[in-house]
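S.K.: Let's see this in three dimensions:
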Amino acid sequence: MSLRIKAVVDKFVKELKEALDADIQDKIMKEREMQSYIEEREREVAEREAAWKAELSRREKLELYKTAILSVYALYRRNYYIYLFMLCTEGTAILSVYALYRTAIVFLVMLLILMELV
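M.R.: Presented below is the predicted three-dimensional model:
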């Protein structure tokens, strides 16, 4: 009778160990799946962050470009008005024409330089 009890207990212990091993393997697989999922989400977040930073950088460059163009254009317009004022007052128009052309050249150079940045 004792051998029968021992056989039943051994069988029970063996089944219990198999169930425990299966449970451990299942938990390991779930942990791997979870880790894979987390890594994928982190990768997606990193990609979105990189895209956002690139877009922000592009917008900052465009804003700088716009500011530079408006500044040079304002300088150009100021020199143009100085030129008109000098013509109206019969002053030295040659100097203002030179300033007008110099500003236009600076404006074009700034445009070319800033286009390279964008």
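
S.K.: low-confidence ranges in the chain?
M.R.: Residue ranges of the chain with pLDDT under 70: 1, 68-69, 71-104, 106-108, 110-118.

S.K.: in it, which spans are helices?
M.R.: With DSSP state H as the criterion, the chain has helices at 2-88, 93-117.

S.K.: tell me which strands and helices the longest one is in contact with?
M.R.: Under the contact criterion of 3 or more C-beta pairs under 8 Å, 6 or more residues apart in numbering; DSSP states H and E, the helices and strands touching helix 2-88 comprise helix 93-117. All C-beta spots, glycine's among them, are computed from the backbone N, C-alpha and C.

S.K.: who touches Met34 in this structure?
M.R.: If a contact means C-beta atoms under 8 Å, 6 or more residues apart in numbering, then Met34 has no contacts.

S.K.: Could you export stretch 39-56 as CSV, CA atoms only?
M.R.: C-alpha atoms of stretch 39-56 as CSV (Å, rounded to 0.1, in the frame of the first residue of the first chain):
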residue,chain,number,x,y,z
GLU,A,39,10.7,48.5,-27.4
GLU,A,40,8.5,49.0,-30.5
ARG,A,41,6.6,51.8,-28.8
GLU,A,42,9.8,53.4,-27.7
ARG,A,43,11.1,53.2,-31.2
GLU,A,44,7.9,54.8,-32.5
VAL,A,45,8.1,57.6,-30.0
ALA,A,46,11.8,58.2,-30.9
GLU,A,47,10.9,58.4,-34.6
ARG,A,48,8.1,60.8,-33.9
GLU,A,49,10.3,62.9,-31.7
ALA,A,50,13.0,63.0,-34.4
ALA,A,51,10.4,64.0,-37.0
TRP,A,52,9.1,66.7,-34.6
LYS,A,53,12.6,68.0,-34.0
ALA,A,54,13.3,68.1,-37.7
GLU,A,55,10.1,69.9,-38.4
LEU,A,56,10.8,72.4,-35.6
